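**Student:** Sequence and predicted structure, then a few things I'm wondering about:
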Amino acid sequence: MTLVKGALVAFTPTFLPIPLPDVTVFQFNPESITHTWSQPAPSGGGTGAGAGACGRAGTQTGNPLAVPGMPGETFSMSVMLDAFEDIDSGGASAALAEASGVYTRLAAMEMLLYPTGGGATSALLGQVSAALGIGGGAQPVVRTVPESTVPVTLFVWGPFRIVPVRVTALTITETLYDSTLNPVHAEAKLELRVMTPMELQAATNDSDVLARLATVAYTYTFGVRQAAALANLANAAQSIGILPT
């Protein structure tokens with residue numbers, strides 16, 4: 001039986017019609033994942049303690065079941081990385097692990113928090129150069145960093161959960177190093193926030209192939225969840241004798 005591993009797939013826009021994926025496969029699957037849901041309270045909803053719409057105390061001023069959209073959803077996990085496992089496996093990964101430990105895997109995760117596009121990078125470099133006085137001139141030129149976006153990322157956890165996410169926090173603990181101080185053993189704690197189709201539409205446009213791809217992933221996973229919930233309903237009906245077993 002083949003073990004399916006989780007992964008983060010980042011898509012960076014290029015000059016090609018199809019964006020190029022940058023896949024970071026988990027070397028070891030997390031032992032546990034915290035999946036958190038949240039639903040903001042409806043604005044003006046619920047039962048008020050004072051006068052309501054009709055001027056009577058305790059009357060309802062709005063629909064208490066109203067929601068602004070899809071619920072908030074986050075994933076939290078710790079991913080272990082170990083260069084010795086790669087070295088023992090042999091092949092190209094072994095040579096890379098001997099040269100840089102697990103730094104390449106860590107760097108791939110770190111890049112998920114950086115804005116994409118040459119504009120932001122060149123502006124940052126220009127600001128640093130100006131601060132250091134590089135390029136001449138009596139007064140340094142102050143360049144502001146334009147609004148940029150992080151790459152569209154898919155969190156893949158098996159065939160039934162593929163969701164677009166934004167990496168909101170990354171904490172790396174390095175515990176072992178090689179002779180050139182490359183980390184050879186580390187733990188990466190990831191905080192992922194699932195992006196809803198409404199958020200993707202607001203951040204991009206309908207012609208953005210990355211937004212369409214992320215929306216398809218969200219819709220697919222939502223459909224699988226609905227089907228699983230219906231299957232559970234059938235099991236519950238059988239268990240209480242409503243449906244024949």
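**Tutor:** Alright, I've got the coordinates. Numbering: from 1, shown residues only.
**Student:** which residues touch the most centrally placed residue in the chain?
**Tutor:** Residue closest to the average C-alpha location in the chain (Cα atoms, centre = their mean): residue 165, at 2.8 Å. Residues near residue 165 by Cβ atoms under 8 Å, 6 or more residues apart in numbering: 8, 75, 153, 154, 155, 192, 193, 194, 195. (Each C-beta comes from the backbone N, C-alpha and C, glycine too.)
**Student:** how about 10 Å then?
**Tutor:** 8, 73-75, 112, 152-155, 190-195, 214, 217-218 (Cβ atoms under 10 Å, 6 or more residues apart in numbering).
**Student:** Tell me which stretches of this structure form strands.
**Tutor:** For the chain, applying DSSP state E gives strands covering 7-12, 20-25, 33-38, 72-82, 152-156, 162-177, 183-194.
**Student:** Reformat these into JSON lines and put distance to residue 233 next to each item.
**Tutor:** Converted to JSON lines, those look like this (distance: least, Cβ to Cβ, whole Å):
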{"stretch": "strand 7-12", "distance to residue 233": "31"}
{"stretch": "strand 20-25", "distance to residue 233": "35"}
{"stretch": "strand 33-38", "distance to residue 233": "19"}
{"stretch": "strand 72-82", "distance to residue 233": "22"}
{"stretch": "strand 152-156", "distance to residue 233": "27"}
{"stretch": "strand 162-177", "distance to residue 233": "23"}
{"stretch": "strand 183-194", "distance to residue 233": "24"}
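**Student:** ranking the ones you listed by burial, who's on top?
**Tutor:** Per-stretch averages of neighbours, counted by mean count of other Cβ atoms under 10 Å, single out strand 152-156 among the strands of the chain, with a mean of 22.
**Student:** so who does the residue lying closest to residue 103 once chain neighbours are set aside touch?
**Tutor:** With Cβ to Cβ, 6 or more residues apart in numbering as the criterion, residue 103 has its nearest non-adjacent residue at 5.2 Å, and that residue is residue 182. Residue 182 is in contact with 83, 97, 98, 99, 100, 101, 102, 103, 104, 106, 174, 176, counting by Cβ under 10 Å, 6+ apart.
**Student:** Now go through those and say which are in helices.
**Tutor:** Mapping these onto helices (DSSP state H) picks out 83, 97, 98, 99, 100, 103, 104, 106.
**Student:** so how many other residues sit close to the third one?
**Tutor:** Okay, so that is residue 98. Residues near residue 98, counting by other Cβ atoms under 10 Å, number 14.
**Student:** could you give me the average pLDDT of stretch 75-94?
**Tutor:** The average of the pLDDT scores along stretch 75-94 is 92.
**Student:** so how far is that stretch from its chain's centroid?
**Tutor:** 21 Å (Cα atoms, centre = their mean, to the nearest Å).
**Student:** before we move on, the earlier item: relative to residue 210, how far out is the residue nearest to the centre of the chain?
**Tutor:** For residue 165, the distance to residue 210 (Cβ to Cβ, to the nearest Å) stands at 13 Å.
**Student:** what do those two both touch?
**Tutor:** By the contact definition Cβ under 10 Å, 6+ apart, residue 165 and residue 210 are jointly contacted by 152, 153.
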